[in-house]
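sequence unknown, structure follows:
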C-alpha cells in the first residue's frame with residue numbers, strides 16, 4: 001500500500017479553504033493508502049509564538065482533524081513533539097549531509113525572513129527557521145513516505161527531501177539496501193479553490209484583511225449565511241462561470257459544486273436567472289449542510305478531551321514503532337556505536 005505523510009501546523013481555526021482545499025483529500029486518501037498525519041508543533045516554534053496558546057492550538061487542531069474525518073482506525077495521527085527525540089536526532093544526522101547553500105536559497109526561508117525583517121512577522125530570523133526544511137525532511141523520510149500531498153509553495157522542500165534521502169542512501173547504504181524512500185510530491189485535485197468572499201481574487205486565508213470573507217468550519221449557521229449573503233459579486237445578474245470577469249460568482253459556483261457534488265453546468269442551469277440573492281442563499285445552505293456533521297462531531301470531542309489525548313498518545317506509539325526503527329538503521333549506517 002502506498003505510504004503517505006502530511007503535516008499541518010497548529011495555527012488556529014480551520015476555514016473552508018483548508019477543508020475543501022486539502023483536508024477532504026486527507027480523509028479520502030485513508031481509503032486506499034497507509035496514511036500518517038502529523039500536527040507539526042516543532043515547526044510552529046520557528047517563528048514568534050505564545051507557549052500557552054501553542055498548547056491549546058495543538059489540542060484544537062487535533063480535535064478539528066478528527067472531526068473532519070481523520071480516522072485513527074485507518075491512519076496514524078500524532079503530535080510531532082511527542083516524538084521530538086526521534087525527529088530532532090534524525091534532523092541532526094541530516095544536517096550533517098546538508099549544504100548551507102541549499103538551505104539559504106530555499107524560497108520559503110527567504111520569504112519569511114524578509115517578512116520578519118520588515119516587521120510583517122514578529123520575532124527574529126532563527127536558526128530553527130533556517131533549518132525548517134531539514135526537520136521537514138526528517139518528518140517525511142522517517143515514515144518511508146512514497147507520497148507527500150503539498151501545495152505548490154512546498155515543492156522545493158520535497159525536492160530537498162528527495163535529494164537528502166538519496167544523498168544519505170548513496171553515501172552510507174549498500175546500493176541494493178537503501179534506508180530511505182525517495183518521496184514524491186503530489187498535488188491532489190482540491191475539492192475547490194476557495195477564494196475570499198470579500199476579495200474573490202485572493203485565496204481564503206486567516207491573514208485576510210477582513211474576517212467577513214473567511215468562513216470558519218466552526219462558524220455557526222447564522223454567521224455562515226450572513227457571510228455568503230454579503231459576498232462580493234458584480235453588477236450583472238446572471239449566474240454563470242467566468243473567473244476572469246465574474247470572480248465572485250465563479251468562486252461561489254466552485255464552493256457549491258464542492259459542497260453538493262453537482263456540476264457547475266447543472267448549477268448554472270438551475271440558478272442562471274434566479275438572481276444573486278437567491279443563489280447566495282443556496283450556497284450558504286449547502287455549506288451549512290456540509291459542515292453540520294463535522295460540527296456535531298467536534299462538539300462531541302470537545303466534551304471529551306481525554307479521548308483526544310488518548311488518540312494522540314496511541315498515534316504517537318504507532319508512529320514511534322516506525323520512526324525509531326528507521327532512526328536506528330540510519331545511525332548504524334553512519335557508524336554510531338550501539339547503546
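Here it is on my side, so go on. Here the structure is a predicted model, which is why all the values come from computation and not from measurement. Numbering: from 1, shown residues only.

okay, helices next: where are they in the protein?
Remark: helices assigned in the chain by DSSP state H are 16-18, 24-29, 41-44, 51-68, 84-95, 100-104, 107-117, 127-141, 155-172, 221-229, 247-260, 264-271, 276-302, 305-334.

lowest average pLDDT across the ones you listed?
Confidence, taken as mean pLDDT, is least for helix 107-117 of the helices of the chain (a mean of 72).

how is the chain carved up into domains?
Following automatic domain parsing, one gets these domains for the chain: 3-191+305-334, 211-299.

just send the helices of the chain back as JSON lines, with mean neighbour count and distance to residue 195 too.
Backbone N, C-alpha and C define where each C-beta goes, glycine included. Output for the helices of the chain, formatted as JSON lines (neighbours: other Cβ atoms under 10 Å; distance: least, Cβ to Cβ, whole Å):
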{"stretch": "helix 16-18", "mean neighbour count": "23", "distance to residue 195": "8"}
{"stretch": "helix 24-29", "mean neighbour count": "18", "distance to residue 195": "17"}
{"stretch": "helix 41-44", "mean neighbour count": "21", "distance to residue 195": "26"}
{"stretch": "helix 51-68", "mean neighbour count": "18", "distance to residue 195": "21"}
{"stretch": "helix 84-95", "mean neighbour count": "18", "distance to residue 195": "35"}
{"stretch": "helix 100-104", "mean neighbour count": "11", "distance to residue 195": "33"}
{"stretch": "helix 107-117", "mean neighbour count": "14", "distance to residue 195": "21"}
{"stretch": "helix 127-141", "mean neighbour count": "22", "distance to residue 195": "27"}
{"stretch": "helix 155-172", "mean neighbour count": "18", "distance to residue 195": "22"}
{"stretch": "helix 221-229", "mean neighbour count": "17", "distance to residue 195": "13"}
{"stretch": "helix 247-260", "mean neighbour count": "23", "distance to residue 195": "4"}
{"stretch": "helix 264-271", "mean neighbour count": "16", "distance to residue 195": "15"}
{"stretch": "helix 276-302", "mean neighbour count": "18", "distance to residue 195": "13"}
{"stretch": "helix 305-334", "mean neighbour count": "16", "distance to residue 195": "32"}
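
ok, which of the ones you listed comes nearest residue 213?
Closest to residue 213 of the helices of the chain is helix 221-229 (Cβ to Cβ; 7.4 Å).

counting by contacts, list what the closest one packs against.
helix 276-302 (3 or more Cβ pairs under 8 Å, 6 or more residues apart in numbering; DSSP states H and E).

next, the angle from the helix it packs on to helix 305-334.
On the basis of axes from the mean of the first three to the mean of the last three Cα atoms, to 10 degrees, helix 276-302 is oriented at 80 degrees to helix 305-334.

select, out of the helices of the chain, the one closest to residue 74.
helix 24-29 (9.5 Å).

quick one: which of the domains of the chain is nearest residue 199?
That would be, of the domains of the chain and by Cβ to Cβ, domain 211-299, which comes in at 6.0 Å.

same list, the helices of the chain, but as a markdown table with distance to residue 147 please.
Output for those, formatted as a markdown table (distance: least, Cβ to Cβ, whole Å):
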| stretch | distance to residue 147 |
| --- | --- |
| helix 16-18 | 20 |
| helix 24-29 | 8 |
| helix 41-44 | 20 |
| helix 51-68 | 19 |
| helix 84-95 | 20 |
| helix 100-104 | 23 |
| helix 107-117 | 20 |
| helix 127-141 | 10 |
| helix 155-172 | 10 |
| helix 221-229 | 33 |
| helix 247-260 | 22 |
| helix 264-271 | 29 |
| helix 276-302 | 25 |
| helix 305-334 | 16 |
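
mind listing what the closest residue to residue 160 other than its chain neighbours touches?
Sequence neighbours aside, residue 133 is the residue nearest to residue 160 in space, at 5.2 Å (criterion: Cβ to Cβ, 6 or more residues apart in numbering). By Cβ atoms under 8 Å, 6 or more residues apart in numbering, the contact list for residue 133 reads 103, 106, 108-109, 156-157, 160-161.

any idea how far residue 133 is from residue 230?
Going from residue 133 to residue 230 by Cβ to Cβ, to the nearest Å gives 40 Å.

residue 26 now?
30 Å.

do the same with residue 221
On the measure of Cβ to Cβ, residue 221 and residue 230 end up 15 Å apart.

ok, residue 94 next?
In terms of Cβ to Cβ, residue 94 sits 48 Å off from residue 230.

what's the answer for residue 83, then?
44 Å.

who has more neighbours out of these two?
residue 83 (24 against 12; other Cβ atoms under 10 Å).

residue 173 contacts residue 166, doesn't it?
No: contact criterion Cβ atoms under 8 Å: residue 173 and residue 166 do not qualify, at 10.4 Å.
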